[in-house]
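> let's see this in three dimensions:
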Amino acid sequence: MDTKNKNTYNIDAAWTNLYNRLENNGLLHEQKKSISVYKLGKIAALFIISFAMAYWAFYSYTEKNIKMQIADTRQSNNIKTVLLPDGSIVDLNLNSQLTYPENFTNTERTVELKGEAFFTIAKNPNKPFIIETLGKEIKVLVTSFNIKTDVKTKQVKVFVKTGKVRFYEVNNSKKQLTLEAGFVGIIDKNTAKKQKINDPNYLAWKTKYFDFSYGERMDVIIKKLNAAYHVNIVLENKDLNNKIVYTTYNNHSLDTVLQLIAIVNNLKIEKKENKIVLK
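Coordinates of the predicted model:
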């Protein structure tokens, strides 16, 4: 979060004007003109440097002393909902971290994300909302969207549910995307691309609503359940992988979903240390 303050001073012009005024008022002697202008220039330069240093020190101190808040789910088994100072809401997925200021500045609203989160941004046309992550930025005014990051591959995915966002890699004009609702943008080490998302279960990690009414393979369903509930469900009978299932799960607990799968397919549930076996 950088505060940029640019002040431009035309020292020569300002002090030439001052010199002319002093000369017109008879305050300068002819033989000391060049010395007087030189001294006045030195005084002006020292004054401006001192002012600039004090100005920089004040804003540097202010920026460094902004109290930062951290929401972290890396050691948690639950998704966390965070209310930001401007009224924006962030649903933080497991294994994620959000860093944000106690109060936003007068010009922008900037946060930093590691992991995955769904943002619902409060409207403020005078303050753009910026998410920084892995050298990329997502800039919006008012919208709702999901961000998923991968530290190993340096890949960032942004899915827009409503509104429009600007998604780009910092200092790289070749990697900039404008995303509308229903599109996902992907920026990694090599590419920047966007595509239409037709998966109704893209946000299931947050909503816990799964729609497989169109017919989906069992192995795909298990994969989506594993991602949403952060577990490791395994089908012992590999013949079930290709079975087509028509169903929906609406905000059920993991145990309820497992029971439904077990009953329909005449399976037993066995929970081991790091996995759940359906056999």
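> what about the spatially most central residue of the chain, which helix or strand?
Nearest to the geometric centre of the chain sits residue 131, at 2.5 Å (C-alpha atoms, centre = their mean). In the assignment (DSSP states H and E), residue 131 maps to strand 129-133.
> tell me the mean pLDDT for that strand?
For strand 129-133, mean pLDDT is 97.
> do stretch 242-258 as well
What stretch 242-258 shows for mean pLDDT is 95.
> may I see the buried residues of it?
Using 16 or more other C-beta atoms under 10 Å as the test for burial, stretch 242-258 gives 245, 249, 254, 257-258. C-beta here means a position set from N, CA and C on the backbone, and glycine is covered the same way.
> likewise stretch 167-179?
Going by neighbour count (16+ other C-beta under 10 Å), the buried part of stretch 167-179 is 167-169, 175, 177, 179.
> outside of it itself, list whatever touches it.
Stretch 167-179 is contacted from outside by 135-139, 145, 156, 158, 160, 164-166, 185, 187, 191-194, using C-beta atoms under 8 Å, 6 or more residues apart in numbering.
> and the buried ones among those residues, selectable in ChimeraX?
Command for ChimeraX that selects the buried part of the contacts of stretch 167-179, burial taken from 16+ other C-beta under 10 Å:
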select :136,137,138,145,156,158,160,165,166,185,187,192,194
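> let's have the buried residues of stretch 167-179 in a markdown table, adding distance to residue 73, pLDDT and secondary structure.
Listed next are the buried residues of stretch 167-179 as a markdown table, based on distance: C-beta to C-beta, whole Å; pLDDT from 0 to 100; DSSP: H, G, I helix; E, B strand; the rest coil:
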| residue | distance to residue 73 | pLDDT | secondary structure |
| --- | --- | --- | --- |
| 167 | 23 | 97 | strand |
| 168 | 27 | 97 | strand |
| 169 | 26 | 96 | strand |
| 175 | 28 | 96 | coil |
| 177 | 27 | 97 | strand |
| 179 | 25 | 97 | strand |
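> out of those, which is nearest to residue 94?
residue 167 (23.4 Å; C-beta to C-beta).
> quick one: the closest one and residue 270, what's the gap?
To residue 270, residue 167 is 43 Å away according to C-beta to C-beta, to the nearest Å.
> show me where the stretch 101-250 of the chain has strands.
For the stretch 101-250 of the chain, applying DSSP state E, counting those that start in this stretch gives strands covering 109-114, 116-120, 129-133, 136-140, 144-150, 155-162, 164-169, 176-180, 183-187, 192-196, 209-217, 233-235, 244-250.
> which one of these lies nearest to residue 266?
Nearest of the strands of the stretch 101-250 of the chain (C-beta to C-beta): strand 233-235, 13.0 Å.
> number of residues surrounding the closest residue to residue 127 other than its chain neighbours?
Nearest residue to residue 127, sequence neighbours excluded (C-beta to C-beta, 6 or more residues apart in numbering): residue 109, at 5.2 Å. Here the number of neighbours of residue 109 (other C-beta atoms under 10 Å) works out to 22.
> touching, residue 109 and residue 88? I think so.
Yes. Using C-beta atoms under 8 Å, residue 109 is in contact with residue 88, at 7.5 Å.
> list residues touching both of the two?
Common contacts of residue 109 and residue 88 (C-beta under 8 Å, 6+ apart): residue 129.
> related to what we said a few turns ago, quick check: can you name the pairing partners of the strand holding residue 131 and their directions?
Here strand 129-133 is paired, per DSSP bridges, with strand 109-114 (parallel), strand 136-140 (antiparallel).
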